[in-house]
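> okay, here's the prediction I keep looking at, along with the sequence it came from:
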Amino acid sequence: MLEQAEEFLTVAERQDEGGPILVGHRLVGTSHLIMGYISRAIAPLDQALVRYDPDKHGANSRTGQNLRARFGQDVGIGIYAYRSWALALAGRPAEAEQSADAALDRSSALDRDDQSRFYALWHAGMAYVLLRNAARVAAIDSELMELANDRGLPYWQALAHFLRGWRVTRAGQATTAVELFHSGFELWAKTGSRIFRPICLAFLADAHAAADQADLADQRFREALRIAAGTGERWAEPEIHRLYGDLLARSGNQAAAISRYKRALDLAHEQGSRWFELRTATSLARLLSERGRRTEAHDLLLNVYQSVDTRCATPDVTDARVLIEAGR
């Protein structure tokens, strides 16, 4: 994926084509992101945004229309969409929200471009999943579900089911969530798509865990990690290990849970995924505190907490702050 993206950018720069050059930067950034190189993803995505000119590359321009026909969605929406994920994972939640909202706003302003709207809804929805904003996810998954059902498109129907399944799990309706995820995977089977499968399997596993189906949760977590390693889509690996750790902690296997949390921390730090690092540090610090290791828990969490933008009162920031203050 990354090799092809870099080759595309090299050719575009050699030919000095402005539109393909900005697409090349977007492809390089997206490839870094999906492969789990979060710290390397933002610069090329920023470069794509700097080069993006709505007058030259927007939906009403000839270049923009050509790029839309070639890549399947409006080029500006593609940049804002993946940039929202990268910023969220990098621990910059306010900027991630701005980028997600920009993708949504731009797609809603386009006439007769369902593909760009689908693209914006899914990516903005996932950005708000990463930020644990269930209210925004609810509005997005409802629109995506309605639009996908109206058009009869199983790929987008599946993704709408996955967003809703995540939200319903958070609302304490685990059995309903499991049903939504299974319906989503059945729809997805009609398309042959495999991208985003690790994170969606992890969400299914978490729903199984919440429904007290520990064996099924264990199977799905293992499957998610196996697919991530096999396909190279590794951006979600830290979160998969963290959720797996939560399952083990609930099952009373604290030593195994700590091992999973530490693996998640190492991966998140290596990737530059500060948001997953904060979330995992919070889970680990909570478990360590319960075992009487409060000073260790406090110092661990505070160190990670100071590496992200904490001005935006997201649930992850709030949870970490409460635990830090309790450990003083």
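Thanks, I have it. Numbering: from 1, shown residues only.
> report all helices and strands that the worst-scoring helix or strand of the chain on mean pLDDT contacts.
Taking mean pLDDT, DSSP states H and E as the measure, the chain has helix 62-71 as its least confident helix or strand, at a mean of 79. Under the contact criterion of 3 or more C-beta pairs under 8 Å, 6 or more residues apart in numbering; DSSP states H and E, helix 62-71 touches helix 18-35, helix 54-57, helix 75-89. Using the backbone N, CA and C atoms, a C-beta is placed for each residue, glycine as well.
> okay, those, which one's buried deepest?
helix 75-89 (a mean of 28; mean count of other C-beta atoms under 10 Å).
> quick check: mean pLDDT of that one?
When pLDDT is averaged over helix 75-89, the result is 95.
> and it, how far from the chain's centre?
10 Å (C-alpha atoms, centre = their mean, to the nearest Å).
> from residue 21, how far off is the residue nearest to residue 1 when sequence neighbours are not counted?
Nearest in space to residue 1, with sequence neighbours left out and distances taken as C-beta to C-beta, 6 or more residues apart in numbering, is residue 31 at 4.7 Å. Residue 31 sits 16 Å away from residue 21, going by C-beta to C-beta, to the nearest Å.
> circling back to that earlier point, angle of the least confident helix or strand of the chain against helix 75-89?
Comparing the axes of helix 62-71 and helix 75-89 via axes from the mean of the first three to the mean of the last three C-alpha atoms, to 10 degrees yields an angle of 70 degrees.
> what's in contact with helix 62-71?
Applying C-beta atoms under 8 Å, 6 or more residues apart in numbering, the contact partners of helix 62-71 are 18-20, 23, 56-59, 74-76, 78, 113, 116.
> make it 10 Å
Residues outside helix 62-71 that contact it (C-beta atoms under 10 Å, 6 or more residues apart in numbering): 17-20, 22-23, 26-27, 52-59, 61, 73-78, 110, 113, 115-116.
> show me which positions of stretch 231-245 end up buried.
233-245 (16 or more other C-beta atoms under 10 Å).
> with stretch 294-302 instead?
294, 297-298, 300-302.
> check stretch 195-204 too.
For stretch 195-204, by 16+ other C-beta under 10 Å, it's 196-204.
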